[in-house]
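> Here's a sequence, model it:
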Amino acid sequence: MYHRFNENKYPSTNIQMDIFHQQMIMIKNLNYEFYDPKLFLSEFHEPKKEKKILITIDDGFKSFYTEAWPYLKKNKIPFILFISTEPIGKNGYMSWNEIKEIEQSEFGYIGHHSHTHNYLIEMDYSEFVNDIETATRIFKKNLGYMPPIFSYPFGEYSKEMKEYISKNFEVGFGQHSGVIDVNKDKFELPRFPINEKYGNLKRFESLIKYMPLEYISLTPEEKKLNDNDNPPEIIVKFFSEQKNINNITCYSNDGGEWKKPDLNFENNNLKINFKEKFLPRRGRINCSLNDNGNWRWFGTQFTIKKD
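Numbers count the residues shown, from 1 in each chain. Okay, here's the model as predicted:
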C-alpha cells in the first residue's frame with residue numbers, strides 16, 4: 001500500500017521513487033507476477049498455486065500522477081488507485097482528467113475511498129452512508145460506474161460499517177498488515193504499508209516473501225473498541241492442517257508500546273491476552289510463524305474511541 005511519491009516532507013506516507021523502482025524490479029527478479037485487479041476479483045475464492053503481488057495506492061495525490069504513473073504505465077504494471085472524491089482537483093491532488101486517463105488504461109483501476117476521507121468511524125451511521133453514497137454518485141457522473149473495490153480511510157471500520165460495505169462492494173481493504181488468502185474476510189483484507197520507514201529493500205523483500213497464516217475465524221468481529229471492551233479478548237481458530245502453531249510469536253502496541261502479549265494455545269485455538277488497554281487511536285496486533293522455513297503472517301487492527 002502506497003500513498004505519496006517523492007514528497008520528502010511526508011515520510012510516514014511517502015516513498016522515494018528510486019526505492020520504488022527497485023521494489024518493482026525486485027518483484028520481477030523474484031519471479032512474482034503483478035496481480036491484475038480484475039483477475040484478483042474473479043479468482044478470489046479459487047485456491048492459488050502461486051503468489052502474486054497486488055499493488056494499491058491510496059488517496060490520489062498529485063505526486064502519484066507525476067512520479068509513479070509514468071513508470072507504471074511504461075512497464076504496464078497493474079494497480080488499484082483508491083480515490084476520495086471530495087479532494088479531487090484541489091492543491092496536491094489529481095484532477096478528474098488525470099483520473100480518467102488512468103482509468104482508461106489497460107492496467108490502472110480506480111477504487112472507492114469514500115467522499116471526504118474523514119474519520120468515518122466517528123460519524124453517525126447515516127452520515128457514514130451519506131458519505132459513501134455521495135462519492136458513488138460522483139463516480140457515476142464522472143466515470144459512468146461505481147468502483148466495486150473499497151478501501152476504508154485510515155483502515156478504520158466498525159462491524160456495522162463493514163456490513164454496509166459487504167452489501168454494496170465486492171471487496172474492502174483495511175490497513176492492517178498481512179497476506180491475503182482464500183479464507184480471509186473479503187471486506188477486511190490486509191495490506192502491508194510501504195513508506196520511508198517501512199519500505200527499505202531488506203524489509204520489502206521479507207514482506208513479499210511472507211506466506212499467509214490462514215485461519216478459520218478471528219474474534220471479536222467488532223473492530224471499534226469502547227472503554228468497557230478494551231483490551232479485547234482475541235481468539236484465532238486455525239485449521240487443523242496448520243502445524244507448529246505453538247511457535248507463533250505476536251507483538252501488540254497495547255499501552256502505547258510494542259510488546260509480546262500472553263499467548264494461550266488449546267487444540268487449534270490461539271487466545272491472545274493483552275497486558276494493558278490500547279491507547280487511542282489505533283491498536284495493532286501482528287503475528288508470525290516460522291513454518292518449517294516458510295514465514296507466515298497475519299495482523300489485525302482496532303480503532304479505539306477517544307474519551
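> mind listing the helices for the stretch 201-307 of the chain?
201-209 (DSSP state H, counting those that start in this stretch).
> Give me the distance between E127 and S63.
30 Å (C-beta to C-beta, to the nearest Å). For every residue, glycine as well, the C-beta is placed using N, CA and C.
> So those two - more neighbours on which side?
More crowded of E127 and S63, by other C-beta atoms under 10 Å: S63, with 20 against 13.
> Spit out the contact partners of the residue lying closest to that one once chain neighbours are set aside.
Counting by C-beta to C-beta, 6 or more residues apart in numbering, S63 lies nearest to F5, which is 4.6 Å off, once chain neighbours are set aside. Contacts for F5 (C-beta atoms under 8 Å, 6 or more residues apart in numbering) come out as 14-17, 20, 61, 63-64, 66-68.
> rerun at 10 Å
Applying C-beta atoms under 10 Å, 6 or more residues apart in numbering, one finds that F5 lies in contact with 13-17, 19-20, 57, 61-69, 71.
> Can you check the distance spanned by stretch 258-269, start to finish?
Across stretch 258-269, the terminal residues are separated by 23 Å (C-alpha to C-alpha, to the nearest Å).
> Could you give the average pLDDT over that stretch?
Stretch 258-269 shows a mean pLDDT of 95.
> Name the residues that touch it?
When contacts are defined by C-beta under 10 Å, 6+ apart, stretch 258-269 is touched by residues 215-217, 231, 234-242, 245-246, 248-254, 270-276, 284-287.
> among those, which are in strands?
Residues of the contacts of stretch 258-269 located in strands (DSSP state E): 217, 234-237, 249-252, 270-273, 284-287.
> From those residues, list just the buried residues.
234, 236, 250, 252, 270, 272, 284-287 (16 or more other C-beta atoms under 10 Å).
> Let me see the ranges of the strands in the stretch 101-250 of the chain.
108-112, 149-151, 171-173, 211-212, 217-219, 224-225, 234-237, 249-252 (DSSP state E, counting those that start in this stretch).
> quick one: which of the ones you listed is nearest K51?
strand 211-212 (7.8 Å; C-beta to C-beta).
> The closest one packs against which elements?
Using 3 or more C-beta pairs under 10 Å, 6 or more residues apart in numbering; DSSP states H and E as the contact test, the elements touching strand 211-212 are strand 294-304.
> in which helix or strand would I find K73?
Following DSSP states H and E, the helix or strand that holds K73 is helix 69-75.
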